[in-house]
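A.B. asks: need a structure here:
(one chain, ligands or ions: 2)
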Amino acid sequence: NLRGVIFDLDGVIADTAVVHHAAWKKLAGEIGIPFDDSVGERLKGVDRRASLDILLEQAARTYSETEKEALASRKNDYYRQQIEGFGPQHLLPGARTAIESVRRAGLKTALASASRNAPLLLEKLGIADLFDYVVDANHIRHAKPDPEIFLAAARGLGLAPSECLGVEDAAAGIASIHSAGMKAVGIGQPQALAGADLLLPDVAAFDISRLTT
Ligand code: G16
Ligand code: MG
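C.D. replies: Ligands and ions are numbered 1, 2, ... in the order given. Model prediction:
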């Protein structure tokens with residue numbers, strides 16, 4: 001029995017997947033690392049440090065821990081510069097309606113974003129009050145595809161994983177949802193999200209009434 005819906009943020013609710021992508025691409029260019037869309041796809045939903053490690057797979061030399069920290073924070077600066085100017089207009093079409101319809105149906109809502117910038121983004125988008133629980137990414141030790149973040153969201157809602165549904169735009173996220181023992185709704189392209197239980201082109205197509213009956 002479905003009692004809660006756990007949303008990813010970047011690429012599901014907010015139009016930030018492209019902003020993360022652009023920030024990584026800029027950094028890669030600066031340090032002479034090749035960056036194509038297939039690398040970009042692998043970074044989706046993956047936390048900052050794990051994303052950097054994926055990027056550095058292509059590096060010609062090794063980087064020290066100190067250098068890696070500096071690179072990760074440089075990427076975050078690029079990202080933050082863009083997010084500064086964000087507002088409700090950067091919600092993906094239908095996102096607010098999708099979350100509100102879940103609440104109206106009497107279900108709980110949570111956010112499971114790997115982003116440490118999620119609280120800032122929720123404020124800027126004007127949707128912080130639509131979530132019963134927001135996972136603090138600072139307390140998550142294992143990045144998606146590990147189930148930890150979706151399990152933490154279910155626990156925060158006071159629900160069993162089997163009572164929750166996860167909504168994701170990234171392959172790593174779908175894997176995380178499934179390992180947590182939940183059904184997964186994939187938002188985006190079939191190529192990237194083949195494992196999803198239900199695939200939708202965008203969050204505007206999310207219809208809670210069709211999932212609860
Ligand atoms: C998001 C993005 C990832 C990003 C990660 C960490 O996760 O999809 O590309 O690397 O957060 O973000 P930050 O550097 O802001 O902490 P999600 O889970 O919302 O898709
Ligand atoms: Mg995402």
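
A.B. asks: Which residues of this protein lie near ligand 2?
C.D. replies: Contact residues, the chain versus ligand 2 (Cβ under 5 Å from the ion): 8, 10-11, 45, 169-170. In short, each C-beta sits where N, CA and C put it, glycine included.

A.B. asks: which residues of this protein score low on pLDDT?
C.D. replies: Applying pLDDT under 70 to the chain picks out residues 213.

A.B. asks: which stretches of it form helices?
C.D. replies: 17-30, 37-43, 48-55, 65-83, 95-104, 118-125, 148-157, 171-179, 208-212 (DSSP state H).

A.B. asks: Could you give the separation of stretch 91-104 from the chain centroid?
C.D. replies: Computed by Cα atoms, centre = their mean, to the nearest Å, the separation of stretch 91-104 from the middle of its chain amounts to 16 Å.

A.B. asks: Can I get the helices of the chain in JSON lines including mean neighbour count and distance to I187?
C.D. replies: Below are these laid out as JSON lines (neighbours: other Cβ atoms under 10 Å; distance: least, Cβ to Cβ, whole Å):
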{"stretch": "helix 17-30", "mean neighbour count": "18", "distance to I187": "10"}
{"stretch": "helix 37-43", "mean neighbour count": "16", "distance to I187": "14"}
{"stretch": "helix 48-55", "mean neighbour count": "18", "distance to I187": "20"}
{"stretch": "helix 65-83", "mean neighbour count": "15", "distance to I187": "20"}
{"stretch": "helix 95-104", "mean neighbour count": "18", "distance to I187": "10"}
{"stretch": "helix 118-125", "mean neighbour count": "18", "distance to I187": "17"}
{"stretch": "helix 148-157", "mean neighbour count": "23", "distance to I187": "15"}
{"stretch": "helix 171-179", "mean neighbour count": "24", "distance to I187": "10"}
{"stretch": "helix 208-212", "mean neighbour count": "14", "distance to I187": "14"}
